[in-house]
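Novice: fold the following for me, if possible:
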Amino acid sequence: MLENSLWLRYNPDKTIREVLARIYECSPVEIGEDERELYASLKRHLTKKEFRMVMMNEAGIGAEEIGAEVGLEGEALKKAQYKAYRKIRQDKIRREVKVGMPQEDTQTDEE
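Specialist: Presented below is the predicted three-dimensional model:
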């Protein structure tokens with residue numbers, strides 16, 4: 001798994017899969033099973049600061065400590081967190097991490 005990752009440093013009790021399922025408001029079954037792939041996907045689409053903010057926020061760490069870690073405070077921190085979560089919710093990341101999603105059929109029933 002992710003033995004030496006930042007994720008486990010901040011979130012030893014939660015999996016990336018559980019967090020993404022909560023963010024996307026879906027079942028964890030709909031999210032890919034490979035934690036390494038999920039970690040890599042988030043890391044690829046987010047900046048280092050954004051990734052760290054999301055990890056720390058999901059661990060329940062306070063805004064002051066997160067701000068000290070990433071070098072932001074107050075309104076700038078709130079904006080950066082909003083931007084990071086908005087990026088995670090984008091379709092390109094959602095499609096990358098979700099599996100088993102039924103593809104929308106564009107076929108119509110002809111009777």
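Novice: OK, contacts around residue 7?
Specialist: Residue 7 makes contacts with 16, 39, 55, as judged by Cβ atoms under 8 Å, 6 or more residues apart in numbering. Where you see a C-beta, it was placed from the backbone N, CA and C, and this is true even at glycine.
Novice: quick one: low-confidence parts of this structure?
Specialist: The chain contains residues with pLDDT under 70 at 1-4, 99-111.
Novice: burial count for residue 63?
Specialist: A count of nearby residues for residue 63, using other Cβ atoms under 10 Å, gives 16.
Novice: can you check which helix is longest in the protein?
Specialist: When the chain is parsed with DSSP state H, its longest helix is helix 74-88.
Novice: elements contacting that one?
Specialist: Where contact means 3 or more Cβ pairs under 8 Å, 6 or more residues apart in numbering; DSSP states H and E, helix 74-88 is packed against helix 16-24, helix 35-45, helix 48-58, helix 63-70.
Novice: just so I know, which of those lies nearest residue 80?
Specialist: Proximity to residue 80 (Cβ to Cβ) singles out helix 48-58 among these, at 6.3 Å.
Novice: how about that closest one: buried residues?
Specialist: Judged by neighbour count using 16 or more other Cβ atoms under 10 Å, the buried positions of helix 48-58 are 50-58.
Novice: returning to that earlier point: alpha carbons of the longest helix of the chain, as PDB, please.
Specialist: In PDB, the C-alpha atoms belonging to helix 74-88 read as follows (Å, rounded to 0.1, in the frame of the first residue of the first chain):
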ATOM      1  CA  GLY A  74      -7.000  33.400   6.700                       C
ATOM      2  CA  GLU A  75      -8.900  34.100   3.500                       C
ATOM      3  CA  ALA A  76      -6.000  32.900   1.200                       C
ATOM      4  CA  LEU A  77      -6.100  29.500   2.900                       C
ATOM      5  CA  LYS A  78      -9.900  29.200   2.500                       C
ATOM      6  CA  LYS A  79      -9.600  30.100  -1.200                       C
ATOM      7  CA  ALA A  80      -6.800  27.600  -1.800                       C
ATOM      8  CA  GLN A  81      -8.800  24.800  -0.100                       C
ATOM      9  CA  TYR A  82     -11.900  25.600  -2.100                       C
ATOM     10  CA  LYS A  83      -9.800  25.500  -5.300                       C
ATOM     11  CA  ALA A  84      -8.200  22.200  -4.300                       C
ATOM     12  CA  TYR A  85     -11.600  20.500  -3.700                       C
ATOM     13  CA  ARG A  86     -13.000  22.100  -6.800                       C
ATOM     14  CA  LYS A  87     -10.200  20.500  -8.800                       C
ATOM     15  CA  ILE A  88     -10.900  17.100  -7.200                       C
END
